[in-house]
Structure formats: C-alpha cells, structure tokens
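Let me see the structure of the following:
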Amino acid sequence: VPGAQIIHGEKVTSVCEEASSSCPLEIRTENGSVIQAEYIVAADGSASPTRNANDHGIGMSGNPSMQNLINVHFRTSPEISKQLKERTETIGMLHFVFNQNVVGAYV
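Just a heads-up that it's a prediction; the model follows:
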C-alpha cells in the first residue's frame with residue numbers, strides 16, 4: 001500500500017478514536033511513541049491486545065477458537081516404518097490424515 005508504514009517490535013498500549021481529525025486514530029506505544037493513522041492492522045493473533053487496546057474494544061467476529069491442537073508421540077512397528085521408508089511415490093516426512101471428524105499429521 002503506497003504510503004503505508006510497517007512498524008515492528010512496538011507494543012501498543014492504547015488506540016483512541018479522534019472523530020474530528022483527518023487521522024482518526026491515535027496509537028500510543030509502550031516506549032512513548034504517539035502515531036496518528038487512518039487505519040491500523042493488528043497482526044498479533046486472535047487474542048490481539050492491540051485490537052482490545054482501544055476505549056471500546058474491537059470485537060472479533062467468528063469463532064475465537066480457530067483450532068485446537070494436541071501432540072501425540074508414538075512409535076510404530078518396524079514393518080510399518082520400513083514400508084513408509086520404501087515408498088517412492090511420496091517422498092517426505094510429513095504425512096496428513098483427513099477425515100470428517102479429525103485432521104491429523106504425522107512425521
């Protein structure tokens with residue numbers, strides 16, 4: 001976007017709306033910076049402290065629990081390991097399992 005400024009490593013402490021200004025947002029950071037902007041993109045996750053830092057809170061639409069993950073470590077039989085290593089049609093270590101109830105990946 002022409003004229004856009006990307007700022008990394010700044011912790012936003014507040015976002016205030018200035019209705020009468022040409023830059024309707026005033027963003028304050030932890031180190032004392034004050035930034036005037038028309039828009040802010042809070043790319044800091046679904047539990048965004050930036051999104052929640054303004055006076056009114058910017059509600060999240062949709063399911064806040066986008067996915068749930070668990071890790072299961074298991075050992076397989078030597079026969080299955082051998083078959084996987086001998087496969088030539090798919091070379092790789094990451095394999096996915098998809099069905100209507102679960103999506104899984106194994107290495």
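
quick one: the closest residue to residue 29 other than its chain neighbours from residue 48, how far?
Closest residue to residue 29 apart from its sequence neighbours, by CB to CB, 6 or more residues apart in numbering: residue 10 at 4.5 Å. In short, each C-beta sits where N, CA and C put it, glycine included. For residue 10, the distance to residue 48 (CB to CB, to the nearest Å) stands at 14 Å.

go on, residue 2?
Counting by CB to CB - residue 2 and residue 48 are separated by 26 Å.

how about residue 105, what does it touch?
For residue 105, the contact set (CB atoms under 8 Å, 6 or more residues apart in numbering) comprises 94-97.

can I get these in JSON lines with pLDDT and distance to residue 62?
As requested, the contacts of residue 105 are arranged in JSON lines below (pLDDT from 0 to 100; distance: CB to CB, whole Å):
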{"residue": "94", "pLDDT": "73", "distance to residue 62": "28"}
{"residue": "95", "pLDDT": "71", "distance to residue 62": "30"}
{"residue": "96", "pLDDT": "76", "distance to residue 62": "24"}
{"residue": "97", "pLDDT": "77", "distance to residue 62": "26"}
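
Tell me the pLDDT of the most centrally placed residue in the chain.
For the chain, residue 45 is the residue whose C-alpha lies nearest the centre (CA atoms, centre = their mean; 4.2 Å). Looking at residue 45, its pLDDT reads 71.

And the one 5 residues further on, by the same measure?
For residue 50, the pLDDT comes out at 72.

quick one: the helices in the chain?
Applying DSSP state H to the chain gives helices spanning 78-86.

Tell me, please, where in it the pLDDT is lower than the cut-off.
Applying pLDDT under 70 to the chain flags the ranges 19-21, 46, 51-60, 64-67, 90-93, 106-107.

go again using 80 as the cut-off
The chain contains residues with pLDDT under 80 at 1, 18-23, 42-75, 81, 84-85, 87-107.

Need the outlier residue of the protein, farthest from its centre.
Distance-from-mean max, the chain, by CA atoms, centre = their mean: residue 79 at 39.0 Å.
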